[in-house]
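Engineer: pasting the sequence and the predicted coordinates here, then a few questions.
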Amino acid sequence: MRYDGARLAGLPDAPAGVSRPRFDGPFFVLSMLLLTAGVVMVLSASYPRAWYDPGHVTGGNAAYYFVRQFIFAVLGVGAMLLASRIPMPLYRRAAFPFLVLTLVLLMLVPLVGVKANGSRRWLGVGGLTLQPSELAKLAVILSFSALICRYRGRMRSFRCGILPFAGILGAIMGLLVLEPHFSASVIILAIGAVMLFLGGVRIVWFAGAFGAAAGGITLLLTLFPYASSRLRSWRDPFADSSSQGYQIVQSLYTIGSGGLSGLGLGGSRQKFLYLPEEHNDFIFSVVCEELGFIGAALILCLFALLILRGFWIAFHCRDRFSFLVVGGVTSLLGIQVFLNVAVVTNLVPCTGISLPLFSYGGTALLIQLFELGIVLSASRDIPAH
Amino acid sequence: MTNKTDSKTPVARQMLRRGAVLAAVFGVGTLALLLARLYHIQITDHAFYEELAISQQLRQAPGTVRRGVIYDCNGNILAASASVDNVYLSPAEIDANGEDRELIARELARILDLDYAGVLEKTARRGSWYVTVARKIEADKAAEIRAFKTEKGISGVRLETDSKRYYPNGRLACHLLGFVGTDNYGLEGIEARYDKALAGTAGKSLRATNAYGGEMLLRRYGEYRPGLDGCDLVTTIDASIQYYVEKHLRQAVRDYDALNGAGAIAMDVNTGAVLAMASLGDYDPNDFLAVSEEARAVIDAAATEEEAAALLAAAQARQWRNKALSDTYEPGSTFKIITLSMALEEGKTGLGDSFYCGGSTNVTGRTSPIRCWKTEGHGSQTLTQAVQHSCNVAFVNIGQRVGAERFYDYCEAFGFLKLSDDPDASLTARTGIDLAGESGSIWWSRNTFCSPRNLSQLAAASFGQTFTITPLQLITAVSACVNGGRLMEPYVVQRLIEPDGSIRFEHAPKLVRRVISESTSRTVRGILEQVVGDPKDGTGRNAAVPGYRIGGKTGTSEKVSLEARTGQKEYIVSFIGFAPADDPKIALLVFLDTPSDQSGIYISGGQMAAPVVGRMLADILPYLGVEPAPEEKSGTKMPGCLGLDLPEAAERLEAAGLRYRTRGSGSTVTDQLPEAGTEIAPGTEIILYFDADISPELETVPELTGMSLNEARDTLSYYGLYLNALSSISDPEKQSVSAQSIPAGTALSHGSVVEVTLIDSGEELLGRY
């Protein structure tokens, strides 16, 4: 007996003719639970900043961020369902054109991108902004999956197993350095590594890659002074709690204030402009403050279940491409959740990594839901038990 | 190009294995890691972070409580607090609301009399929510600012309640009271010593705010913990006595150009209660940072800013110093009271003793003999005369009879020093008065003092030299000598009253110890009364007040250490008196630091300090209700002559012992100078007017200091002014004017009376004793 996610969601059955098997219910339900929780948390976390409007953005409209996030969530669910209907071979065909499109957009960013906080990471189109680096993550997953399928059996060689992938990653990294966008680079490198790992590249290469990564990080730290000062405030955030360490110290106050059961939904005090980025990168801190350890653990468990269900789908995929894409998307989700929570709890140095399905940001949410939709699409190919 | 076989390729086992690894990592491993981290922050360290978070989220505004009132012993207010406002800017709000910075700066600068550019600069500190503009502004200015805020709808200018200390009597008792700093902490005197009781417990109002200090939306959290008002404090100070003491002390500093100021203490001899304590130069506690004009002139003349700042700080420290409490000095001859008391108590001398003074005496351990102030010597004298003469030679003798060991024992008993287990330690002591800033005395170690090979310390100490004490220690000890022998602990605070009216603390006079017997004390009183009351032998006769029995002792001490250092001779002249001599109520010590002989007055306690004490007692004793003994008045009452013809008027004036001259050519007296009933000196020439059109004119008061009584009287009458003497006139030929009630140069109408203080400057009194 299987749950039918589409019917659960109250969606009409697919029109006859293009009908495909139903997608995976648990994965969809878990996604929707997390998305709902995320949108509610955006409302709770963002209204003080929206109301006080210190940055002269919202005009004092307390629901400003919530309304936008809600609209994108609805659009995003649409995108997810759309993605779930696109057959997997189509993704494989689109992988390289999509990669090329992403690279073009990444090249545009340094030229016509919107600048904020010293970095140029956004492309603005009629009031909407888009981070091409978000697209790049999906592009890496799709193109790597396609390539791994093409080089089936030759993945253990350097020429096939490393060189083309390194070329793609190198091109993307080079463009991200121009922005610069350190956190996106880390995530893309990580997801690239995950893809190669799944694709069967020899473990020894990873050892070499880790060495290279260590060297690369050292190089990055020397190239970008802002990154090395972040490293210092990571080790002892209280040493400069009013400047460099401010954000992480405030995040720790926020999380620690929650205690076991939290201050209650909507009860955060730190969101009253103490905690910066409280509705995007640091939204999980507000979750911890309001819902306590119990609530935060519940959210993390939901993410873990979603990830495990994603891998469950991957394991049941009938073909390599689907396996790789589902494994990649799920791993990307895992990487982002881990890095985001690790950052807000000061487990790793502070850098801007959003929490999937929670952090405020319309286009990113749209893309994330689309990616989950791809997983759903793959799940349709799984034969019923 | 879709490769059908490719897309249908089954997943390799290795891929599945690796997928399982990733599933374990992201589904279980990282989850466990993050949960452990969250547990650590949220459960283990919860209290730590919560406290830090709450402390930044809650703003504490100190609730204002009333600082206690300070009263004198009769319930007159000496210090009280009033509510005032502080003005501050919130540039962040000015910015956020787009308020007109220039308008704000212009208005605030105008209302508060501030520099426009300075205020404008403060309005431009973007992002700040609290920039102080002015503190403790008056109510009318605060009202003006409120009106401006309302009218223009300005929210970036804020007012907050604060309190300001007022001293309604200005400088009166400033050193006793002290003052309160901008943060409402008591900084000197009673304000400092009793700060905790006066301040009360500040209330707290807690409120949850956002990071910028604004209200926390929907999470209104406020708590108000009411504070406790401060205690009211009743002092032993009598504002009237304090006023008399300060008035005459101020006059004395002017008259004798006392370079380093002066001090005075009035004490209730029976309880140790301080009735008045004054120190000059002084300051206005309402504006305690302001320095005197002379000091300001010196500061303004400074070459550099640092120098000016240092000078200002030094001038402020000088004016805040309570000389009566913080200065130590060699008391000189006033200390002979102590030597006398111990010798009488020990039975080493008595009223029947006689002493011979040949002008000097040799002392073991000294190369040169100790000289009496009177070089030719006092000859043979009784004990009473030795005290009256303030004879050093006699007192060296008396001191040696007591002996060094007993001398030190008595000095400890009188509270001048505290003996130590270490015989080589230099000794010190304090009275323990409840005021901040009391200095301790400095004495030789017991071994040095009691060395049998060197008696010079004992010899000099017998007449009050080679050690230093505070004026407060001296008056406390002398009070014991004349009150029946009881050493009382001096104090200034009588009681503390809680805001609800209950008494928190009531001072009971504290007997430190009995030092001498009742009968010895009676003898001491009798001898000291002769120092003031005997117009022939008494060196303190200038302190006499007609009709009152006053005892006392003069003192003139050279600043020996200063002379050793600079070769400059500087003196502190002093007089300690008490009255009434038969049943003392009040003791009064006056000391003048470094007076000048430019005034024509010989520098000595008898010439300078004694008359000041006399003038003070002349005001204080009637105020205290002490009945004067009936005595013939020195002044004459001006008879009324209006409407009389010349022969009738002349007869009356002759009967009163007055001379006259006439103005105008009418037949009856139309006016007279001075008015009927005015007290004037006998023999004065008065004016009779015989023409209603001639009216009294303005005259400039001449300088009288140094003149004899008759010279002064005639000089004044030449100007159509009249003289009345404040002191008893025993021998008009020997007396001279030491002070006048109206300074020279003042314009006065004809016929006004100028009161003068006469001192006896007979030749036998010219000396340092």
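Structural biologist: Arrived safely.

Engineer: switch to C-alpha atoms for all contacts and neighbour counts from now on
Structural biologist: OK.

Engineer: do whichever strand or helix holds residue A:27 and chain B meet at all?
Structural biologist: In this assignment (DSSP states H and E), residue A:27 forms part of helix A:25-52. Yes - with Cα under 8 Å from any Cα of the partner chain as the criterion, chain B is reached by helix A:25-52 at residue A:48.

Engineer: which residues sit in contact with the residue in the stretch 101-250 of chain A that chain B sits nearest to?
Structural biologist: Residue nearest to chain B within the stretch 101-250 of chain A: residue A:198 (5.3 Å; Cα to the nearest Cα). Residue A:198 makes contacts with A:324, A:327, B:15, B:16, B:18, B:19, as judged by Cα atoms under 8 Å, 6 or more residues apart in numbering or on different chains.

Engineer: so can I have JSON lines of those showing neighbour count?
Structural biologist: Supplementary listing: the contacts of residue A:198 in JSON lines, determined by neighbours: other Cα atoms under 10 Å in any protein chain shown:
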{"residue": "A:324", "neighbour count": "29"}
{"residue": "A:327", "neighbour count": "31"}
{"residue": "B:15", "neighbour count": "19"}
{"residue": "B:16", "neighbour count": "19"}
{"residue": "B:18", "neighbour count": "16"}
{"residue": "B:19", "neighbour count": "26"}
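
Engineer: returning to that earlier point: other SSEs contacting the helix holding residue A:27?
Structural biologist: For helix A:25-52, the elements it packs on are helix A:5-8, helix A:64-85, helix A:283-316, helix A:362-380, judged by 3 or more Cα pairs under 8 Å, 6 or more residues apart in numbering or on different chains; DSSP states H and E.

Engineer: dump the residue contacts of the residue most central in space within chain B.
Structural biologist: In chain B, the C-alpha closest to the average C-alpha coordinate belongs to residue B:175, at a distance of 2.9 Å (Cα atoms, centre = their mean). With contacts defined as Cα under 8 Å, 6+ apart, residue B:175 is in contact with B:188, B:189, B:277, B:278, B:279, B:282, B:320, B:321, B:322.

Engineer: count the residues that sit near the last one.
Structural biologist: By that I understand residue B:322. Using other Cα atoms under 10 Å in any protein chain shown, the number of residues around residue B:322 comes to 27.

Engineer: so residue B:26 touches residue A:332, yeah?
Structural biologist: No - with contact defined as Cα atoms under 8 Å, residue B:26 does not reach residue A:332; the gap is 9.6 Å.

Engineer: circling back to that earlier point, next SSE downstream of the helix or strand the residue nearest to the centre of chain B falls within?
Structural biologist: Assignment of secondary structure by DSSP H and E places residue B:175 within helix B:174-177. Per DSSP H and E, the first helix or strand lying C-terminal to helix B:174-177 is helix B:189-193.

Engineer: residue 314: neighbouring residues, count only.
Structural biologist: Picking chain A for this. Residues lying near residue A:314 (other Cα under 10 Å) number 30.

Engineer: let me rephrase: I mean chain B.
Structural biologist: The local packing count at residue B:314 equals 13, with neighbours defined by other Cα under 10 Å.

Engineer: in three-state terms, label it for me.
Structural biologist: Three states are possible here, and by DSSP: H, G, I helix; E, B strand; the rest coil the one that applies to residue B:314 is helix.

Engineer: need the contact list for the residue nearest to residue A:105 when sequence neighbours are not counted.
Structural biologist: With Cα to Cα, 6 or more residues apart in numbering or on different chains as the measure, residue A:132 is the residue that lies nearest to residue A:105, at 6.1 Å, once sequence neighbours are left out. For residue A:132, the residues meeting the contact criterion (Cα under 8 Å, 6+ apart) are A:102, A:105, A:106, A:109, A:121, A:122, A:123.

Engineer: so the second one is in which element?
Structural biologist: Element membership for residue A:105 (DSSP H and E) is helix A:88-112.

Engineer: tell me which strands and helices that helix is in contact with?
Structural biologist: Packing contacts for helix A:88-112, counted by 3+ Cα pairs under 8 Å, 6+ apart, involve strand A:119-125, helix A:132-150, helix A:163-178, helix A:362-380.

Engineer: okay, the angle between that helix and helix A:362-380?
Structural biologist: Relative orientation of helix A:88-112 and helix A:362-380, computed by axes from the mean of the first three to the mean of the last three Cα atoms, to 10 degrees: 160 degrees.

Engineer: surely residue B:430 is in contact with residue B:416?
Structural biologist: Yes - counting by Cα under 8 Å, residue B:430 sits close enough to residue B:416 to count as a contact (7.3 Å).

Engineer: now do the strands in the stretch 151-300 of chain B.
Structural biologist: Taking DSSP state E, counting those that start in this stretch as the test, the strands found in the stretch 151-300 of chain B are B:157-166, B:203-208, B:222-225, B:232-235, B:262-268, B:274-280.

Engineer: close to chain B: what parts of the stretch 151-300 of chain A are there?
Structural biologist: The stretch 151-300 of chain A comes close to chain B at residues A:197-200, A:250, A:252-260, A:267, A:269-270, A:272-274, A:292-293, A:297, A:300, as judged by Cα under 8 Å from any Cα.
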